[in-house]
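1. Just need the structure, nothing else, for what follows:
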Amino acid sequence: MSQPGLNPRRAAVRLLDGVLGKGALLPELLVTGALDKLDPSEKARAQRLAMETLRWMDRADRMLGPFLQRKPELTVHNVLRLSVVELCVDGAAAHGVVNSAVSMVKADKVHHRASGMVNAVLRKIDVTAWDKLPEPRLPKWLRKPLVADYGKKTVEAMEASFANGAPLDLTPKGDPAPLAKAVGGTVLPTGSVRVLGAGQVSALAGYEAGDWWVQDAAAAIPAKVLNAQAGERVLDMCAAPGGKTMQLAMTGADVVAIDVSKKRMVRVRENLERTGLDATLRVVDALEWREALFDAILLDAPCTATGTIRRHPDLPHAKDGADFPTLFALQERMIDHALSQLKPGGRLVFCTCSLLPDEGEIQIEDALKRHDDITVEPITLAGLDPAWTTPEGGLRLRPDYWADTGGMDGFYIAMIRKTV
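-> The predicted structure is shown next:
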C-alpha cells in the first residue's frame, strides 16, 4: 500500500520534469495523459503542487543551495524542490514530506542511490528561513529585457505578483453587484467580479445558468474599449477561448469569431451555448480569411503571453525567448491584415497579453509609420488609472497593478481608428 499523498507527488515531479527538462507547457503535458491514472482529487493536487513549485522554484533553489555539493540530476532536484515548497509554503508535516521524497527516489531505478542525500538535505531545511529569502526571480532570458524596459524595482513588484498567483475573475452578463454577492466576491473598478479562494468553478452560483464566465479582469478590458454597438458588424479575429467573443455578443452586435484551432473553437461554442449568447464561428487562419468589411475588429494577437505568468508559472521555465522574432513579425502582419478588413472610419482594438513593448507599444508605433490612414485614439474607461496610458496612446497594464487585491494580467491595448 502506497504512502498517503505519494501518487500526486510523483505525478507532480513528472510534470516538473516535462516543463524543466523538455520545455513543455503544463497544458501540453496534461493532454498527453500524464495524470490519467489519478482520481480527480489527486489530479488537482498534482497540478497544484507542480504549479506551486514552479512559482517558488527560485526561492526553493536558494534554500537548497547551501546543502548541495553539486547540482543533482533533474528528477532528484525536482523532488527536493517540491518537498521544500511543501514544507515552507504549505506548512506540511516534515515526516510525511521527507518520507515521501525518499520513497520516490528509492523507487527510481536510475536515481535510487540519491535517496540518502535527499533524506539528509531535507532534514536540514529550516522553514523559518524561508520568508527571509528574496522573492522568486524570473529566469534571466525574460528578466533581463523586462528590467531594461521597466527598471529593477518594477520587475521585482511584478515578480512578487507572479509568486502570489491569481484569484478568480468573472465577467458578468449583467450587473456585477448581484453576482458578487452570490459568489462571495467583490466588484473591481472595471466591472469584473473577483473571488478569492473560489474552489470548484462550476459549483459557483450562476455557472449553470450562464450568468458569467471566467476571464481575468485585464483580459476583459479590450472588448470594453472596442465598445461594440447593437447592429454593428464586428470581428473577433483570434477568438478562442471565447471570453471576448461573449463580451462582444452581449452588446447585440453581429459578431463573427474566427480562430485557426478547431479544438479551441469547440470550447468557444460550448461557452456561447452555456451563456445563451450567439456569434458566427469560423475555423480559419486569420491571415487567409477575407469577408465583407467590418465596423469594428478586436485583434488579441498571438504573443509570448508573458503577462499571464501569475496563472501560468510554467511559461518562463518552458520557454527561452527563441520564438520572440517570429511572434513580433506575425503580430505586424495581423495588424496590417486587420486594417484591410476594416471599413473607413472603423476601429481596431489591438491587444496582447504580453509585458514586452515589442508586442505592444512598438507594434503601434511601427503601424503608424506603415499606414498614413490610421490614428490612435485615447482610451477612457471607468476604473482605469490615467497613468497607465503610454506615449503613443495605448494602455499598459501590469501584474503589479491592483497588488493589494490580487493584481491583474499584463496586457497592452490600443484603439486604432481608420480615417479613410
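2. make it CA atoms for all contacts and neighbour counts henceforth
-> Will do.
3. what are the ranges of the helices in the stretch 251-400 of the chain?
-> 262-275, 315-318, 324-340, 361-370 (DSSP state H, counting those that start in this stretch).
4. any idea how far residue 96 is from residue 6?
-> Residue 96 sits 9 Å away from residue 6, going by CA to CA, to the nearest Å.
5. Please, where are all the strands along the stretch 101-250 of the chain?
-> Assigned by DSSP state E, counting those that start in this stretch, the stretch 101-250 of the chain shows strands spanning 168-172, 186-187, 193-195, 212-214, 233-236.
6. Which of those strands has the highest mean neighbour count?
-> strand 233-236 (a mean of 25; mean count of other CA atoms under 10 Å).
7. Given it, what are its sheet partners and their directions?
-> Partners of strand 233-236 in the sheet, by DSSP bridges, are strand 254-259 (parallel), strand 294-300 (parallel).
8. what residues does it touch?
-> 228, 244-245, 248, 253-258, 294-299 (CA atoms under 8 Å, 6 or more residues apart in numbering).
9. picking that back up, which of residue 96 and residue 6 has more neighbours?
-> residue 6 (19 against 15; other CA atoms under 10 Å).
10. contacting residues around the more buried one?
-> 100, 104.
11. residues of stretch 6-24 that come out buried?
-> 6-20, 23-24 (16 or more other CA atoms under 10 Å).
12. Now, the residues you listed that are in helices?
-> Counting by DSSP state H, the part of these found in helices is 6-20.
13. can you redo the strands of the stretch 101-250 of the chain as a markdown table with mean pLDDT and distance to residue 329?
-> Output for the strands of the stretch 101-250 of the chain, formatted as a markdown table (pLDDT from 0 to 100; distance: least, CA to CA, whole Å):
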| stretch | mean pLDDT | distance to residue 329 |
| --- | --- | --- |
| strand 168-172 | 98 | 32 |
| strand 186-187 | 98 | 38 |
| strand 193-195 | 97 | 35 |
| strand 212-214 | 97 | 30 |
| strand 233-236 | 98 | 20 |
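14. burial measure for residue 25, as a count.
-> 21.
15. Residue 318 is in contact with that one, correct?
-> Yes: using CA atoms under 8 Å, residue 25 is in contact with residue 318, at 5.9 Å.
16. list residues touching both of the two?
-> Common neighbours of residue 25 and residue 318 (criterion: CA under 8 Å, 6+ apart): residue 19.
17. give the contact list for residue 80.
-> 64, 101, 118, 122 are the contacts of residue 80 under CA under 8 Å, 6+ apart.
18. count of neighbours near the first one?
-> Around residue 64 sit 18 other residues, with neighbours defined as other CA under 10 Å.
19. now do residue 152
-> Neighbours of residue 152 (other CA under 10 Å): 14.
20. so how far is residue 402 from it?
-> For residue 152, the distance to residue 402 - CA to CA - is 19 Å.
21. Now do the same contact list for residue 409.
-> Here residue 409 is in contact with 216, 217, 218, 219, 307, 308, 309, 310, 353, 397, 398, 399 (CA under 8 Å, 6+ apart).
22. For residue 282, state which of these is nearest.
-> For the contacts of residue 409, the residue nearest residue 282 by CA to CA is residue 219; the value is 21.8 Å.
23. ok now do the closest one, which residues does it touch?
-> 244, 353, 409, 411.
24. separation between the third one and residue 172?
-> Meaning residue 409. 18 Å.
25. What are the phi and psi values at residue 276?
-> Dihedral angles phi and psi of residue 276 (degrees, to the nearest 10) take the values phi 70, psi 30.
26. okay but it is in contact with residue 208, surely?
-> No: if you go by CA under 8 Å, residue 276 and residue 208 don't touch, sitting 10.8 Å apart.
27. Low-confidence bits of this structure, can you list those?
-> By pLDDT under 70, the weakly predicted segments of the chain are 1-2, 4.
28. what's the neighbour count on the closest residue to residue 210 other than its chain neighbours?
-> Leaving out its chain neighbours, the residue that sits closest to residue 210 by CA to CA, 6 or more residues apart in numbering is residue 275, at 3.9 Å. Residues contacting residue 275 under the criterion other CA under 10 Å number 19.
29. I'd say residue 275 and residue 211 touch.
-> Yes: here residue 275 reaches residue 211: they are 6.4 Å apart, a contact under CA under 8 Å.
30. Excluding chain neighbours, what is closest to the residue nearest the centre of the chain?
-> The chain has residue 308 as the residue nearest its centroid, 2.9 Å off, counting by CA atoms, centre = their mean. Excluding the flanking residues, the one nearest residue 308 by CA to CA, 6+ apart is residue 409, at 5.3 Å.
31. Quick check: that neighbour vs residue 103, distance?
-> Residue 409 is 39 Å from residue 103, by CA to CA.
32. what do you get for residue 269?
-> Residue 269 is 45 Å from residue 103, by CA to CA.
33. Also residue 361?
-> Taking CA to CA as the measure, residue 361 falls 51 Å from residue 103.
34. go on, residue 242?
-> 44 Å.
35. same deal with residue 365?
-> Distance of residue 365 to residue 103, given as CA to CA: 57 Å.
36. got it, and residue 123?
-> 15 Å.
37. More neighbours: which of the two?
-> Neighbours were counted for residue 123 and for residue 103 using other CA under 10 Å; residue 103 has more, 19 against 12.
38. got the contact list for that one?
-> Applying CA under 8 Å, 6+ apart, the residues near residue 103 are residue 115.
39. one more time with 10 Å
-> The contact partners of residue 103, taken as CA atoms under 10 Å, 6 or more residues apart in numbering, are 2, 3, 6, 10, 97, 112, 115, 118, 119.
40. Take the residues you listed and keep only those in helices.
-> 6, 10, 97, 115, 118, 119.
41. which among those residues gets closest to residue 71?
-> Closest to residue 71, out of all of the ones in helices among the contacts of residue 103 and judged by CA to CA, is residue 118, at 12.3 Å.
42. count of residues packed around residue 132?
-> Neighbour tally, residue 132, other CA under 10 Å: 8.
43. Thanks a lot, catch you later.
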